[in-house]
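In: Give the three-dimensional model of this entry:
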Amino acid sequence: MSDLWLDTKYINLMSNQFRNFKRKNDTLYNLSCPDCGDSTKHKFKARGYFFQVKGTWLYKCHNCGYSVALRSFLKKHSPTLYKEYSLEALRQGDTKGDIEDFVEAPVKATSTVEGIQPLKKINKISQLPHYHSAKKFIDERQIPTTFHHKLFYTNDFVEFTNELIPDKLPVHTKKDPRVIIPLMDENQTLFGFQGRSILKDSIRYITILLNENRPKIYGLDAIDFSKTIYCFEGPFDSMFIPNSLAVCGSDIIQALSEVPKVVKERVTLVYDNEPRSDIINKKIASAIDLGYNVCLWPASYTNAKDVNDMILEGTLPAHIKQTIDTNTYNGLSAKMALSAYRR
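Out: A predicted model of the protein is given here:
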């Protein structure tokens, strides 16, 4: 594999090719994703990141989930630079050719890692003073206080993660403070967690699984499978609507398929409100074809991307739930509603 200096050189050479490209720090670059377009509505959206893992530069988009190694990114999105990069890497002694696309995959962990024990080492949000940065972050997002004792805080996410899974994340000199969102099953067993950054110059979400056989689903510890289940893309959204799950950025249908107790007819899929996003619309269309109930947000919610945004705009949770229920479709009516939603 090529040296880091060479990879860094070519990341900087791409800076004038992609929208909103900027350097955050020595190991993090941000840009609008060229694979999905990021956002046609908001031109300043930038949810693509180049970052380092174990001495390797990787790319990931937190909008579409596109994840690849730098070489693969260059090959697809900057063919001319890719040829120059390959020749220079060859001159440096790199003969491995194309490396495989990076996919954020869980690392196997022993069963002793699972369980509530790791969370006892860090503070609950409810235990933090009102002036603490993490406490203020959660309060500003208006997360219900009933969830504050279920959310945690670590001042160094890398250290916390690597204590559970050695060498899972690259060590940095700068600390990475994050809110910890535990992923727990019906038996109250911790099988993973999502770290939400409280800093502006860091990757927003990082999801870690302690067991590779578990789906990236938040809320399984409190769900009633006999009632209607609402499934969202992010945990914070699910905290405002009773009996909800969230899939932590992974594919909703794939994640739900890994939970046998979930009955399709009792599930309402609530995707982010992005009517002009081809990626979201394709996911909704696929869900409709598979027989799922889907929520299609009315035009009155145009300015809000997700439930948390709606809350911050002043909409009450009960009203949002009512909106979801009255705008849920399936089958042919869902296809007709999706056609109108796209316009």
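
In: where's Ile217 relative to Glu186, distance?
Out: 11 Å (C-beta to C-beta, to the nearest Å). Yep, even glycine has a C-beta here, placed from its N, CA and C like the rest.

In: Identify all contacting residues around stretch 4-15.
Out: 21, 23, 29, 50, 52, 55, 57, 70, 74, 78, 81, 84-85, 88-89, 92 (C-beta atoms under 8 Å, 6 or more residues apart in numbering).

In: Among those residues, which are located in strands?
Out: If you go by DSSP state E, those have Arg23, Tyr29, Phe50, Gln52, Trp57 in strands.

In: Is it possible to mark the buried ones in these?
Out: Buried members of the ones in strands among the contacts of stretch 4-15, scored by 16 or more other C-beta atoms under 10 Å, are Tyr29, Phe50, Gln52, Trp57.

In: can you put those in TSV and add distance to Ile165?
Out: Shown next, in TSV, are those (distance: C-beta to C-beta, whole Å):
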residue	distance to Ile165
Tyr29	25
Phe50	23
Gln52	17
Trp57	21
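
In: Mind telling me the two of these farthest from one another?
Out: Tyr29 and Gln52 (10.2 Å; C-beta to C-beta).

In: Ile223 - how many residues pack around it?
Out: 20 (other C-beta atoms under 10 Å).

In: How much space separates it from Thr145?
Out: Distance from Ile223 to Thr145, by C-beta to C-beta: 20 Å.

In: ok, residues contacting stretch 147-162?
Out: With contact meaning C-beta under 8 Å, 6+ apart, stretch 147-162 is reached by 118-119, 121-126, 128, 132, 134, 138, 143, 168-172, 175-182, 195, 197, 206, 208, 239.

In: Quick one: distance of it to the chain centre.
Out: 16 Å (C-alpha atoms, centre = their mean, to the nearest Å).

In: just stretch 9-20 next, same as before
Out: When distances are taken as C-alpha atoms, centre = their mean, stretch 9-20 is centred 24 Å away from the chain's centroid.

In: Just the endpoints, please. Distance across that stretch?
Out: End-to-end span of stretch 9-20 (C-alpha to C-alpha, to the nearest Å): 18 Å.

In: And the average pLDDT for that stretch is what?
Out: Average pLDDT, stretch 9-20: 91.

In: Mind giving me the PyMOL select for the contacts of stretch 147-162, buried ones only?
Out: Filtering the contacts of stretch 147-162 down to the buried ones (16+ other C-beta under 10 Å) takes a single PyMOL command:
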select buried, resi 118+119+123+125+128+132+134+138+143+168+169+172+176+177+178+179+180+181+182+195+197+206+208+239
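
In: before we move on, back to that, of the ones in strands among the contacts of stretch 4-15, just say which sits nearest to Val267.
Out: Phe50 (35.8 Å).

In: For that closest one, which residues are in contact?
Out: Ile11, Leu28, Tyr29, Leu31, Trp57, Leu58, Tyr59, Leu70.

In: Helix, strand, or coil at Asn12?
Out: Secondary structure assignment for Asn12 (DSSP: H, G, I helix; E, B strand; the rest coil): helix.

In: Now do the same contact list for the residue lying closest to Phe18 once chain neighbours are set aside.
Out: Spatially, and ignoring its direct neighbours in sequence, Phe18 is nearest to Leu31 (4.6 Å; C-beta to C-beta, 6 or more residues apart in numbering). Each residue near Leu31 by C-beta under 8 Å, 6+ apart is listed here: Phe18, Arg19, Asn20, Phe21, Lys22, Ala46, Gly48, Tyr49, Phe50.

In: out of these, which are buried?
Out: Phe18, Arg19, Phe21, Ala46, Gly48, Tyr49, Phe50.

In: Quick check: the first one touching Asp35?
Out: Same thing as Phe18. No. Using C-beta atoms under 8 Å, Phe18 is not in contact with Asp35; the gap is 10.5 Å.

In: Ile217 and Glu186: who's more crowded?
Out: Ile217 (26 against 12).

In: How much space separates that one from Tyr230?
Out: Separation of Ile217 from Tyr230 (C-beta to C-beta) stands at 13 Å.

In: what's the answer for Pro166, then?
Out: Pro166 sits 37 Å away from Tyr230, going by C-beta to C-beta.

In: Please compare the two by neighbour count and tell me which comes out ahead.
Out: With neighbours defined as other C-beta under 10 Å, Pro166 and Tyr230 compare such that Tyr230 has more, 27 against 9.

In: who's in contact with that one?
Out: Tyr230 makes contact with Ser238, Ile241, Asn243, Ser244, Leu245, Val267, Thr268, Val270, Ile324, according to C-beta under 8 Å, 6+ apart.
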